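**Q** I would like the atomic coordinates for the input below:
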Amino acid sequence: MDELESLVERYIRHLIIERGLAKNTELAYRRDLRKYIDFLAEQKISSVAEIDAALIASFSQYLSAQLGLSANSIARHLAAIRGFHRFLLSEGVTKVDPTFQIKPPKLGRKLPKAISISDVERLLDAAGADETSGVLQDSARLRDRAILELMYATGARVSEITALDIDDLVDPEMIRLFGKGSKERIVPVGSFAQTALQRYLVSARPGLASRGRGSAAVFLNLRGARMTRQSIWLILQSAAKRANLAAGISPHTLRHSFATHLLEGGADVRVVQELLGHASVTTTQIYTLVTVDSLRDTYLMAHPRAR
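**A** Below you'll find the model as predicted:
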């Protein structure tokens, strides 16, 4: 392992120990910094002392021109690099921070994608509409409906649903979720999701569990093992196709729709922040832009002298 790779490992260990970095975030840092180290190797750079602002600017151009990354992705890479070099400066490894004057690309405002309440209902109904028959198929239908109902009822991330254990079902009306950085929150569960979850737990999960090795996970695949994010994505795609919904429906679509529909229904943005598990209300406030846009569109269509 050369000097740069060794320093990257040292930085990652620091993030894990000092900041409690979640596994997925750790992997993202590793991927981004791996591109940086590979780029430096191509430039024949083997020591951190050789890195300057011009080199980092060249890397930013490389991400855009050669790899075709979006402004958001480039900004994420530069954030990882900036953190890396600031760490080296604080540890006394270097005397200057070459990222000091590097500015990330300007980001456009990207609004969350949400679907209407009627489209959500069609999607949820389609999750249990597979026409194949059999005990396993019936169990899968109950499970799939429960997963999608729970995601929309709680605004949970798909990773939070896959991580859900039986012990996290606090009571029929509340569940415990573990978000980014393993931050814990308790969220309420609506009556429709309660019904779907109870049906799955009573009529489907015992049979699925008997095919595995006693997993504590709430949601099990046909081998009795914990569901993966990829398998839930496929469940959602299948339901969206049966519901004749437009392409681009993802697990995060249900999370966005959950937040948007709550705000449209009059919920306070800070309550939605707590339910989503956002560390800052600023992150949640982007959803208020969606509802304002919706109000403007309705006004323009309905008011006789709007335009």
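**Q** which parts of the chain are strands?
**A** Counting by DSSP state E, the chain has strands at residues 174-178, 184-188.
**Q** deepest in the core, which of the ones you listed is it.
**A** Highest mean neighbour count among the strands of the chain (mean count of other C-beta atoms under 10 Å): strand 174-178, with a mean of 19. C-beta: built from backbone N, CA, C; applies to glycine.
**Q** hmm, back to that, which one of the strands of the chain lies closest to residue 212?
**A** Closest of those to residue 212 is strand 174-178, at 21.7 Å (criterion: C-beta to C-beta).
**Q** give me the below-cutoff pLDDT ranges for the stretch 101-250 of the chain.
**A** 106-112, 129-133 (pLDDT under 70).
**Q** what ranges do the helices span in this protein?
**A** For the chain, applying DSSP state H gives helices covering 3-19, 23-42, 53-65, 71-90, 117-126, 135-154, 158-162, 191-203, 205-209, 229-242, 251-264, 269-276, 281-284, 286-302.
**Q** now those as CSV including distance to residue 177?
**A** Output for the helices of the chain, formatted as CSV (distance: least, C-beta to C-beta, whole Å):
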stretch, distance to residue 177
helix 3-19, 20
helix 23-42, 15
helix 53-65, 34
helix 71-90, 24
helix 117-126, 20
helix 135-154, 7
helix 158-162, 5
helix 191-203, 13
helix 205-209, 19
helix 229-242, 15
helix 251-264, 12
helix 269-276, 10
helix 281-284, 16
helix 286-302, 18
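**Q** you'd agree residue 169 is up against residue 218?
**A** Yes - taking C-beta atoms under 8 Å as the definition, residue 169 is a contact partner of residue 218 at 6.8 Å.
**Q** possible to save the strands of the chain as JSON lines with distance to residue 198?
**A** As requested, those are exported to JSON lines (distance: least, C-beta to C-beta, whole Å):
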{"stretch": "strand 174-178", "distance to residue 198": "12"}
{"stretch": "strand 184-188", "distance to residue 198": "15"}
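**Q** quick one: residue 140 from residue 168, how far?
**A** 22 Å (C-beta to C-beta, to the nearest Å).
**Q** ok, now residue 187?
**A** 11 Å.
**Q** and residue 56, by the same measure?
**A** Residue 56 is 43 Å from residue 168, by C-beta to C-beta.
**Q** which of the two has more residues huddled nearby?
**A** residue 56 (21 against 18; other C-beta atoms under 10 Å).
**Q** could you verify my assumption that that one touches residue 84?
**A** No - taking contacts as C-beta under 8 Å, residue 56 lies outside contact range of residue 84: 10.6 Å.
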